[in-house]
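[1] Predicted model follows, preceded by the sequence.
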Amino acid sequence: MSLSTVSNTLPSFLHIKISPDVLQAFPQTKVSFLLLSTAVLSKKNQPKEMQNYLSNLKQRSVQQIVDQGITEKSYAETRVCQSWRTVFSSFQAGDDKKSTIENLLRRASKEGVKVAEGKKADMGLLTV
């Protein structure tokens, strides 16, 4: 996958290559993207409404993890993490290689302890 960007704007084009071997091994592969036209990774020059929206989105996301009973000790056993581990192992990625979603779920489950106590989660940047 490659992104072509002009300065700090959205990509001018998005080019994705998926090996036929991947599609053969995982025929139900789906690829989705979300491109936002506002800077969401930095609070600098970001409207207060956007800061509040993103903060609320992070809190609701962590609350959903808490509501589903996913914890710091159990997140790795979720279906999504197990599926990605199967994919990674099929490409002989090392055991230390984790998918982005697994890393994000790990971070969110750690913050779930705070949310369960009625405190605010600190997810930091949206990226992993």
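    Cool, got the structure. Numbering: from 1, shown residues only.
[2] going forward, measure contacts and count neighbours with C-alpha atoms only.
    Fine.
[3] before we move on, which element is Asp21 in?
    Under the criterion of DSSP states H and E, Asp21 resides in helix 20-25.
[4] List the contacts of that helix.
    Thr29 (Cα atoms under 8 Å, 6 or more residues apart in numbering).
[5] Apply 10 Å and report the result again.
    Contacts with helix 20-25, where a contact means Cα atoms under 10 Å, 6 or more residues apart in numbering, come from Phe26, Pro27, Thr29, Lys30, Val87, Ser90, Phe91.
[6] what's the burial count for the last one?
    Okay, so that is Phe91. 10 (other Cα atoms under 10 Å).
[7] Kindly report the same for the second one.
    Residues lying near Pro27 (other Cα under 10 Å) number 10.
[8] Give the phi and psi angles for Thr29, as a check.
    Backbone geometry at Thr29, expressed as degrees, to the nearest 10, gives phi -60, psi 130.
[9] what's the answer for His15, then?
    phi -120, psi 120.
[10] Okay, and the beta partners of it?
    When assigned by DSSP bridges, His15 has beta-bridge partners Ser2.
[11] And the helices in this structure?
    Here the chain has its helices, by DSSP state H, at 20-25, 48-67, 79-90, 100-116.
[12] Mean neighbour count, those: which tops it?
    Counting by mean count of other Cα atoms under 10 Å, helix 100-116 has the highest mean neighbour count of those, with a mean of 19.
[13] can I get the CA coordinates of that helix in PDB?
    The C-alpha coordinates for helix 100-116 follow below in PDB (Å, rounded to 0.1, in the frame of the first residue of the first chain):
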ATOM      1  CA  THR A 100      -2.800  -2.500  14.300                       C
ATOM      2  CA  ILE A 101      -6.300  -3.500  15.600                       C
ATOM      3  CA  GLU A 102      -4.800  -5.800  18.200                       C
ATOM      4  CA  ASN A 103      -2.500  -3.000  19.400                       C
ATOM      5  CA  LEU A 104      -5.400  -0.500  19.500                       C
ATOM      6  CA  LEU A 105      -7.600  -3.000  21.400                       C
ATOM      7  CA  ARG A 106      -4.800  -3.600  23.900                       C
ATOM      8  CA  ARG A 107      -4.500   0.100  24.600                       C
ATOM      9  CA  ALA A 108      -8.200   0.600  24.800                       C
ATOM     10  CA  SER A 109      -8.600  -2.400  27.200                       C
ATOM     11  CA  LYS A 110      -6.000  -1.000  29.500                       C
ATOM     12  CA  GLU A 111      -7.900   2.300  29.600                       C
ATOM     13  CA  GLY A 112     -11.100   0.400  30.200                       C
ATOM     14  CA  VAL A 113     -10.100   0.000  33.800                       C
ATOM     15  CA  LYS A 114     -10.300   3.800  34.200                       C
ATOM     16  CA  VAL A 115     -13.600   4.000  32.400                       C
ATOM     17  CA  ALA A 116     -15.100   1.200  34.600                       C
END
